[in-house]
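S.K.: Could you look at this predicted model? Sequence included:
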Amino acid sequence: MIDIKDFGKLALRVGTIELAENFPEANKPAYKLKIDFGAQGKKWSSAQITENYTVGELSGHRVMVAFNLGNKKIGPFTSEVLVLGAEDSSGNIVLLKPDGEIRNGALVN
């Protein structure tokens, strides 16, 4: 268990995928995602979502991310945010997305 104050340190934000690319250097099948967060800028992330999504369908997809966990080096790539998802019935990741018109960069409360 963690204290609610610790959870409050986590900045969850809404963004829109601007670009998705294959990531052949990853140990497990993954994509590189460039995500627009409005006034907070654009950030890159890596996501193991190849079972449920194609590169072509991800542009414009809304996502929720953990914004302030710091960078993670994945081979030659640096992931700047952690995209949030949940396992489907097959154990593959489905992206979590906001409902409605939420601006890029909005905090999730």
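M.R.: Thanks, I have the structure now. Numbering: from 1, shown residues only.

S.K.: Tell me how far the most centrally placed residue in the chain lies from Val14.
M.R.: By C-alpha atoms, centre = their mean, the chain has its centre lying nearest to Val83, at 2.0 Å. Using C-beta to C-beta, to the nearest Å, one gets 11 Å for the distance from Val83 to Val14. Quick note: C-beta positions are derived from backbone N, CA and C, even for glycine.

S.K.: anything in contact with each of the two?
M.R.: Each of 63-64 lies in contact with both Val83 and Val14 under the rule C-beta atoms under 8 Å, 6 or more residues apart in numbering.

S.K.: partners of the residue nearest to the centre of the chain in the sheet?
M.R.: Listed beta-bridge partners, Val83: Val65 (assigned using DSSP bridges).

S.K.: Can you list the residue ranges for helices in this protein?
M.R.: Listed in chain order, the helices of the chain (DSSP state H) span 4-7, 55-58.

S.K.: quick one: average pLDDT of the last one?
M.R.: Per-residue pLDDT over helix 55-58 has a mean of 96.

S.K.: chain center to it: distance?
M.R.: In this view, helix 55-58 has its centroid 14 Å away from the chain centroid, taken as C-alpha atoms, centre = their mean, to the nearest Å.

S.K.: Tell me the buried residues in that helix?
M.R.: Of the residues in helix 55-58, Leu58 count as buried by neighbour count, 16 or more other C-beta atoms under 10 Å.

S.K.: Check stretch 9-23 too.
M.R.: Residues of stretch 9-23 classed as buried under the neighbour-count rule (16+ other C-beta under 10 Å) are 12-17, 20, 23.

S.K.: Equivalent analysis for stretch 60-80, please.
M.R.: Going by 16+ other C-beta under 10 Å, stretch 60-80 has these buried residues: 61-67, 74, 77, 79-80.

S.K.: So which of those residues is the closest to Ser45?
M.R.: Ser79 (5.0 Å; C-beta to C-beta).
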